[in-house]
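Participant: Fold the stuff below for me.
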Amino acid sequence: MARIPNLLTRITPRHSSDRSSRRPGSSTTSQDAIIQQTDDDAAGSRLSAVERGYLEDAFASEFCGSSGEKVRRMPIINRGGWSSVILFLSCM
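Facilitator: Have a look, this model is predicted:
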């Protein structure tokens, strides 16, 4: 059976000071930053669905930060967001 390669070991740092922060398991890697990026991505997807009319959420833009850049997701992502909201609401 073929082994799946660890792609993180193939990343080459841009600066010599970045070497330790790019290694998996490094103490300088910020797990909080990874989680925050996931949150930002989810908020951007929700805002995209709201802007395209899939969802109604008056506060979606408040959670997308102050970068001001508009995020547009593919329709399948917007529909997935819509279906997860409908599923959640039907379970309540």
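
Participant: what helix or strand is the residue nearest to R73 when sequence neighbours are not counted on?
Facilitator: Among residues not flanking R73 along the chain, S48 sits closest, at 4.1 Å (Cβ to Cβ, 6 or more residues apart in numbering). In short, each C-beta sits where N, CA and C put it, glycine included. Using DSSP states H and E, S48 sits in helix 31-51.

Participant: Which other helices and strands does that helix contact?
Facilitator: In this structure, helix 31-51 packs against helix 75-91, with contacts taken as 3 or more Cβ pairs under 8 Å, 6 or more residues apart in numbering; DSSP states H and E.

Participant: buried residues in the helix it packs on?
Facilitator: I77, N78, G81, V85 (16 or more other Cβ atoms under 10 Å).

Participant: Contacts made by it with the rest, please.
Facilitator: S45, R46, S48, A49, R52, Y54, L55 (Cβ atoms under 8 Å, 6 or more residues apart in numbering).

Participant: and it with helix 31-51, angle?
Facilitator: Helix 75-91 runs at 90 degrees relative to helix 31-51, counting by axes from the mean of the first three to the mean of the last three Cα atoms, to 10 degrees.

Participant: any idea of the mean pLDDT in helix 75-91?
Facilitator: Summarised as a single mean, pLDDT over helix 75-91 is 90.

Participant: Repeat that for stretch 54-70.
Facilitator: On average, stretch 54-70 scores 79.

Participant: circling back: which single one of the buried residues of helix 75-91 is nearest to V71?
Facilitator: I77 (10.2 Å; Cβ to Cβ).

Participant: Against N6, how distant is that closest one?
Facilitator: According to Cβ to Cβ, to the nearest Å, I77 stands 28 Å off from N6.

Participant: so what's R46 closest to, chain neighbours aside?
Facilitator: A60 is the one closest to R46 (Cβ to Cβ, 6+ apart), at 5.1 Å.
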